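**Q** Return a 3D structure for these sequence lines:
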Amino acid sequence: MMSVEGPFLSALIARLDEPIYNLAAYGVAFAFALIIEAPVIMMMSASTALVKDSYSFNKLKRFTYFLITGITLLMLIMVIPAIFYFIAEDLIGLPKRVSYLTHIATIILLPWPAAIGYRRFYQGVLIRNNLTRRVAYGTVIRLTTMAVTAFVIYFYFDVPGVVVGASALTVAVLAEAIASRLMTIDIVRQLHYNPSANGEKITYKEIYKFYYPLAIMSLLSLGVQPFVTFFVVQSRMALESLAVLPVITSFVFIFRALGLSYQEVIIAKIGDDKSGYVPLRNFAVVLAGVLSIILLIIAFTPLADIWFNDVSGLSNLLSEFARIPLKIIAILPALTVFISFQRSVLISDKNTAPITWGTAIEFAVIVIVMLLSINIFSFVGAVAATTSFVIGRSAANIYLTPFVKKSKKVVPVL
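**A** Numbers count the residues shown, from 1 in each chain. So this is what the prediction gives:
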């Protein structure tokens, strides 16, 4: 359900004035927000794995509050005009109009990272207690709030399209964060009757040792976006590439989202004895195949034109421009399912260091492919970006495979 946000907002932005500039600014601002939130994005996995009693709940909650305070201060510093325009124009090389619109959107998105960390902590508590239906309810609240906010601003306010998108995202994630907290009231009350499971008390040092590789992994994974944007700006047809990339990636995210959400399922269900390993692995294989087959069918048939033209509201020129990048990236949902499975097995073993190294390899490969494809082979920016995403993720999958095979002597992974 969360994956609907991107295509919906992109479609509204595409139907307002200056769609190319606003779509480009929306994509860059969203990438900035994702980078800032990177240290807390794995908090859902952490709370799913670690919150077993009142003591661990309170410890991890304080740890979460510390992180979200830090990233909010960091984002406040980033939106200072002198700092922001130095990053956007001098370092990345955004056109002035795109840079200006991006700055506005980034200011609107200030509450976003903290709200994400807060609600992911409580969603992990829900998943840990087998209340995944409530997570879905929270997402319904988020989507409803997002749609209402977007439509109100779209129809009744004369503002740039990027303001519509950023405002809808911010209001929606705040509503979901509040809802997630309210839906855990009964669980938190029950945890207070279980002060410390088996007499074990987790320490901040243990939390840090468990979590920092995950935080670095998220930072590297999401931090690659500015590098991709930098190279795209230097490429052929840069503005068109910046405009279509958020439309393409948000559409592909609809399929990737099922793989990403599978990660917490594996952590919760694999079991200390790995009894759930085989059925979870088999389901991952089926899920990966189905997702990429469906996306490949869309990418290589006129269905792509229906999505880009009629649903997303792109012009015929931009729609045609987006076809090749979509074909290239169509395999990414399958790779996402596999890496979610690999990471989950390692997280369940509290062996998070290989995850960080795998992401570092993915980061490096993406940057190298972007560098070569644009500066040596003169690829169009959107083609270079989607190619680098696929090759980088494949490299990470290959690197993690032997670690998963050795994980507590379980049966081999694919």
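**Q** just the helices in the stretch 151-300 of the chain please.
**A** 161-182, 185-191, 204-233, 238-269, 277-299 (DSSP state H, counting those that start in this stretch).
**Q** Now tell me which of those the model trusts least on average.
**A** Per-stretch mean pLDDT for those is lowest at helix 204-233 (a mean of 82).
**Q** what's that one packed up against?
**A** helix 19-37, helix 43-50, helix 54-78, helix 238-269, helix 353-375, helix 381-405 (3 or more C-beta pairs under 8 Å, 6 or more residues apart in numbering; DSSP states H and E). To be clear about C-beta, it is placed using only N, CA and C from the backbone, and glycine gets the same treatment.
**Q** Okay, buried residues for it please.
**A** Neighbour counts over helix 204-233 (16 or more other C-beta atoms under 10 Å) mark 207, 210-211, 213-233 as buried.
**Q** Mind listing what's buried along stretch 11-20?
**A** Neighbour-count burial for stretch 11-20 [16+ other C-beta under 10 Å]: Ala11, Leu12, Ile13, Ala14, Leu16, Glu18, Pro19, Ile20.
**Q** ok, and for stretch 134-152, which residues are buried?
**A** 134-135, 137-139, 141-143, 145-147, 149-150.
**Q** Please state the offset of it from the chain centre?
**A** Remark: stretch 134-152 is offset 18 Å from the chain centroid, using C-alpha atoms, centre = their mean, to the nearest Å.
**Q** Stretch 91-103 too?
**A** Using C-alpha atoms, centre = their mean, the offset of stretch 91-103 from its chain centre is 22 Å.
**Q** hang on, the earlier thing: got the buried residues of stretch 134-152 as CSV, with secondary structure, pLDDT and distance to Ala322 columns?
**A** Formatted as CSV, those follow (DSSP: H, G, I helix; E, B strand; the rest coil; pLDDT from 0 to 100; distance: C-beta to C-beta, whole Å):
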residue, secondary structure, pLDDT, distance to Ala322
Arg134, helix, 92, 36
Val135, helix, 89, 32
Tyr137, helix, 93, 34
Gly138, helix, 92, 32
Thr139, helix, 90, 27
Ile141, helix, 94, 31
Arg142, helix, 93, 27
Leu143, helix, 92, 24
Thr145, helix, 95, 29
Met146, helix, 93, 23
Ala147, helix, 94, 24
Thr149, helix, 95, 27
Ala150, helix, 94, 22
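**Q** is it possible to export those residues to JSON lines including distance to Leu110?
**A** JSON lines is the format used below for the buried residues of stretch 134-152 (distance: C-beta to C-beta, whole Å):
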{"residue": "Arg134", "distance to Leu110": "27"}
{"residue": "Val135", "distance to Leu110": "25"}
{"residue": "Tyr137", "distance to Leu110": "26"}
{"residue": "Gly138", "distance to Leu110": "21"}
{"residue": "Thr139", "distance to Leu110": "22"}
{"residue": "Ile141", "distance to Leu110": "21"}
{"residue": "Arg142", "distance to Leu110": "18"}
{"residue": "Leu143", "distance to Leu110": "22"}
{"residue": "Thr145", "distance to Leu110": "18"}
{"residue": "Met146", "distance to Leu110": "17"}
{"residue": "Ala147", "distance to Leu110": "22"}
{"residue": "Thr149", "distance to Leu110": "16"}
{"residue": "Ala150", "distance to Leu110": "18"}
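**Q** ok, those vs Leu94, which is closest?
**A** Ala150 (24.2 Å; C-beta to C-beta).
**Q** How much space separates that closest one from Leu169?
**A** Noted for Ala150: a distance of 9 Å to Leu169, by C-beta to C-beta, to the nearest Å.
**Q** Now for those two: what residues contact both?
**A** Shared contacts of Ala150 and Leu169 (C-beta atoms under 8 Å, 6 or more residues apart in numbering): Leu9.
**Q** buried set for stretch 271-283?
**A** Buried residues in stretch 271-283, counting neighbours by 16+ other C-beta under 10 Å, are found at Lys274, Gly276, Tyr277, Leu280, Arg281, Phe283.
**Q** any idea how far the closest residue to the last one other than its chain neighbours lies from Thr132?
**A** Right, Phe283. Distances taken as C-beta to C-beta, 6 or more residues apart in numbering place Tyr262 nearest to Phe283, at 8.0 Å, with adjacent residues excluded. Per C-beta to C-beta, Tyr262 is found 12 Å from Thr132.
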